[in-house]
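Sequence first, predicted coordinates after that:
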Amino acid sequence: MRLSLSQLQQYSEQILPGGGKKAIAKQHEKNKLTARERITYLLDKDTPFQELGLFAGWEMYEAQGGCPAGGTVGGIGYVSGRQCMIVANDQTVKAGAWFPITGKKNLRLQEIAMENRLPIIYLVDSAGVYLPMQDEIFPDKEHFGRIFRNNAKMSAMGITQIAAVMGACVAGGAYLPIMSDETLMVEGNGSIFLAGPYLVKAAIGEDIDAETLGGATTHNRISGIADYSFPTEQACLDEVRRIISRLGAPATAGFDRIASIAPVKNPNDILDIFPVGGSKAYDMREIIDRLVDGSEFDEFKKDYGKTILCGYARIDGWAVGIVANQRTMVKTHKGELQMGGVIYHDSADKAARFILNCNQKKIPLVFLQDVTGFMVGSRSEHEGIIKDGAKMVNAVANSIVPKITIIIGNSYGAGNYAMCGKAYDPRFIYAWPSAKIAVMGGEQAAKTLLQIQVASLQSQGKIIDPEEEKKLLETISKKYQSQTSPYYAAARLWVDEIIHPLETRRIISEGLTAANQSPLTETMKLGVFQV
């Protein structure tokens, strides 16, 4: 685990400089801060900032020179004492242009703000869509235009949106600040226009400079589009803080919280307890005891369905229901041994009932994933694994309380779904650096793919000797293993962030603080399913 954490630190340090030292120096020459410097200035001192999507685009756009953090820095932090979503274009990365992953990341940040009713602050400095890849970012439902649709939806929901324009804001992107509640501009650098000077010249033959066309003076004195102008970025960000300081108190969902108590068992032990690689057994209770207040976990149906642990606890004072995979060999109520990490029919049945209970009591859910899937074979089928698995999936899908998912180990196949993977709308989903996400385990998948390829070659009359077969298996395994890594998942935003295991408790607490600002407006309903 320590080696994995060292790798996480190394990779993070490669991303944090954005477009690199030269691009940062160029930004400073224009009296402009970088995206991260702007966020640091804006945030309250000595308060946590939970960055989201740091690994967005990781190793995805090497032919284009890379797109660190997806060209956007975003996350949840405190501004004037209020928890806010902050979205900042990184101008050092291709002038802040939007790659396909940029759009996906910005939409995810907006989605989180909408689900948790968080005020959102946009720090705008972008050249617009990355034209060489415009077909992958412009026209579809989950592409660039969805950003402005979300602006409109959030406004209708009463969610505060503040836009500080600190650089270019071009073409379709010009709608974002104007669809926000208030628009602030920095003199000399901030600009808003549907078409820049070059396009205006090409389209209608007019010669005009950027400042006259759509600078701070133009939009504050002539068009009336902007609401404030400032000589410096710092003055602009100071005003953002003042605006946020005057917001009315948020409504709450009423989730129960009492004074926090530290775990009795040392959280640092997690690094030694958890076996990276997923091949060794361990007791998930020992992990839970180091995450929850007072190391107290009230287990639900303790002696039934033992490959999933369910129970009530508190995390930093917040009442939670925990659903976690158990990786030890466990003895059933019938006295039989069951393999850990696999969901059996009784475990699925228990988890479904527990999820219903948490919804009845309005208790948020925390899923701790280390699952290899549902049990297969004739016995499992005869016991109704599909029926009980469907009950669990139904409960997860229709749950209305906030769900926070932490993938600590394996996340394979339908187990990913049943344990509230990304497709099941967790409010937040994080991964430890030990996580693996795939349709099945690497060894099984590689052997399956090998059999398919060998059969295909044999059908063409080609003979594969054992040595060639071994090399082919190694090639397949290497590729498949790379696709199961948490970095591959985080690059594509299957998870919101890769986190240090010892930060898990704090991050869950911050997620619940955010979720508590969105009152529950409906009761849980279930459709047709077999009981």
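The structure has been received and is ready for your questions.

Quick one: the strands in the stretch 201-350 of the chain, in order.
For the stretch 201-350 of the chain, the strands defined by DSSP state E, counting those that start in this stretch cover 228-230, 298-299, 308-315, 318-325, 330-331, 337-338, 342-343.

neighbouring strands for the fifth one, and are they parallel or not?
As defined by DSSP bridges, the strand partners of strand 330-331 come to strand 337-338 (antiparallel).

shaky segments in the stretch 301-450 of the chain?
Within the stretch 301-450 of the chain, the stretches with pLDDT under 70 are 332-333, 338-339, 441-446.

Same list (the strands of the stretch 201-350 of the chain) but as CSV, adding distance to Tyr417.
For the C-beta atoms, the positions are set from N, CA and C on the backbone; glycine is no exception. Output for the strands of the stretch 201-350 of the chain, formatted as CSV (distance: least, Cβ to Cβ, whole Å):
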stretch, distance to Tyr417
strand 228-230, 47
strand 298-299, 24
strand 308-315, 14
strand 318-325, 13
strand 330-331, 22
strand 337-338, 21
strand 342-343, 11
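
With distance to Glu381 and mean neighbour count as added columns, please give those strands in CSV.
What follows is the strands of the stretch 201-350 of the chain, written out as CSV (distance: least, Cβ to Cβ, whole Å; neighbours: other Cβ atoms under 10 Å):
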stretch, distance to Glu381, mean neighbour count
strand 228-230, 66, 19
strand 298-299, 28, 13
strand 308-315, 19, 23
strand 318-325, 21, 24
strand 330-331, 21, 16
strand 337-338, 16, 14
strand 342-343, 14, 24
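
among those, which is nearest Gly81?
Of all the strands of the stretch 201-350 of the chain, strand 318-325 sits nearest to Gly81, with 19.3 Å by Cβ to Cβ.

For that closest one, name the packing helices and strands.
On a contact count with 3 or more Cβ pairs under 8 Å, 6 or more residues apart in numbering; DSSP states H and E, strand 318-325 meets helix 284-288, strand 308-315, helix 345-361, strand 365-371, helix 504-515.

other SSEs contacting the longest one?
Using 3+ Cβ pairs under 8 Å, 6+ apart as the contact criterion, the neighbours of helix 345-361 among helices and strands are strand 308-315, strand 318-325, helix 385-398.

a markdown table please, covering those and showing distance to Ala23.
A markdown table is the format used below for the helices and strands packed on helix 345-361 (distance: least, Cβ to Cβ, whole Å):
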| stretch | distance to Ala23 |
| --- | --- |
| strand 308-315 | 40 |
| strand 318-325 | 41 |
| helix 385-398 | 43 |
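
now stretch 304-324: how far from the chain's centre is it?
Taking Cα atoms, centre = their mean, to the nearest Å, one finds the center of stretch 304-324 at 22 Å from the center of the full chain.

And it, end to end?
With Cα to Cα, to the nearest Å applied, stretch 304-324 spans 14 Å between its terminal residues.

before we move on, back to that, please identify the deepest-packed of the helices and strands packed on strand 318-325.
Of all those, strand 365-371 carries the top mean neighbour count, a mean of 26, counting by mean count of other Cβ atoms under 10 Å.

That one pairs with which strands, parallel or anti?
Strand 365-371 has the following strand partners under DSSP bridges: strand 318-325 (parallel), strand 403-412 (parallel).

circling back: among the helices and strands packed on strand 318-325, which is nearest Gly172?
So among the helices and strands packed on strand 318-325, helix 504-515 is nearest, using Cβ to Cβ, at 28.8 Å.

avg pLDDT for that closest one?
Mean pLDDT, computed over helix 504-515, is 98.

Against which helices or strands is that helix packed?
Helix 504-515 packs on strand 82-89, helix 100-116, strand 308-315, strand 318-325, strand 403-412, strand 428-431, going by 3+ Cβ pairs under 8 Å, 6+ apart.

Could you figure out how far that helix is turned away from strand 308-315?
Here helix 504-515 runs at an angle of 70 degrees relative to strand 308-315 (axes from the mean of the first three to the mean of the last three Cα atoms, to 10 degrees).

Alpha carbons of helix 504-515, as CSV, please.
Taking C-alpha atoms only, helix 504-515 is exported to CSV below (Å, rounded to 0.1, in the frame of the first residue of the first chain):
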residue,chain,number,x,y,z
THR,A,504,-11.4,8.3,3.6
ARG,A,505,-13.1,9.3,6.9
ARG,A,506,-12.7,13.0,6.3
ILE,A,507,-13.8,12.8,2.7
ILE,A,508,-16.9,10.8,3.6
SER,A,509,-17.7,13.5,6.2
GLU,A,510,-17.3,16.3,3.7
GLY,A,511,-19.5,14.5,1.2
LEU,A,512,-22.2,14.1,3.8
THR,A,513,-21.9,17.8,4.7
ALA,A,514,-22.6,18.6,1.1
ALA,A,515,-25.4,16.0,0.8
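
Touching it from outside, list them.
Outside helix 504-515, the residues that touch it by Cβ atoms under 8 Å, 6 or more residues apart in numbering are 48, 50, 76, 83, 112, 115-116, 118, 253, 255, 257, 260, 263, 267, 291, 315-318, 320, 364, 366, 402, 404, 406, 427-428, 430, 432, 499.

change it to 6 Å
For helix 504-515, the surrounding residues in contact (Cβ atoms under 6 Å, 6 or more residues apart in numbering) are 50, 83, 116, 118, 291, 315-316, 318, 364, 402, 404, 406, 427-428, 499.

go on, stretch 27-35?
The contact list for stretch 27-35 (Cβ under 6 Å, 6+ apart) reads 24, 73, 88, 90, 92, 189, 233.

Quick one: closest of the helices and strands packed on helix 504-515 to Val454.
The minimum distance between Val454 and the helices and strands packed on helix 504-515 falls on strand 403-412, with 23.7 Å, by Cβ to Cβ.

which residues sit against the closest one?
Under Cβ under 6 Å, 6+ apart, the answer for strand 403-412 is 278, 365-373, 420, 426-432, 434-438, 440-441, 504, 508, 511.

ditto for stretch 272-283
Residues outside stretch 272-283 that contact it (Cβ under 6 Å, 6+ apart) are 1, 4, 286, 327-328, 340, 409-410, 434.

out of the residues you listed, who has the most neighbours?
Asn410 (28 neighbours; other Cβ atoms under 10 Å).

I figured Met191 was touching Gly215, is that so?
Careful, residue 191 is Ser and not Met. Yes. Contact criterion Cβ atoms under 6 Å: Ser191 and Gly215 qualify, at 5.3 Å.

For these two, indicate the residue with more neighbours.
Ser191 (27 against 23).

and that one, what is it in contact with?
Applying Cβ under 6 Å, 6+ apart to Ser191 gives the contacts 168, 210, 214-215.

between the helices and strands packed on helix 345-361, which one is nearest to Glu62?
With Cβ to Cβ as the measure, strand 318-325 is the member of the helices and strands packed on helix 345-361 nearest Glu62 (35.1 Å).

Now do that closest one against helix 345-361, angle only.
Comparing the axes of strand 318-325 and helix 345-361 via the same axes, to 10 degrees yields an angle of 170 degrees.

and Ala88, bridged to which residues?
Residues in beta-bridge contact with Ala88 (DSSP bridges): Val73, Leu123.

Just the element for the residue with the largest distance to the centre of the chain, please.
Relative to the C-alpha centroid of the chain, counting by Cα atoms, centre = their mean, Gly461 is the outermost residue, at 47.5 Å. Taking DSSP states H and E as the definition, one finds Gly461 inside no helix or strand.

give me phi/psi at it?
Main-chain torsions, Gly461, degrees, to the nearest 10: phi 80, psi 10.

distance of it from Glu469?
Remark: distance between Gly461 and Glu469 (Cβ to Cβ, to the nearest Å) = 16 Å.

Run through who's touching stretch 113-121.
With Cβ under 6 Å, 6+ apart, stretch 113-121 has contacts from 84-86, 154, 159-162, 427, 514-515, 517-518.

looking at these, which has the most residues close by?
Tallying neighbours with other Cβ under 10 Å puts Ile86 at the head of those, with 28 neighbours.
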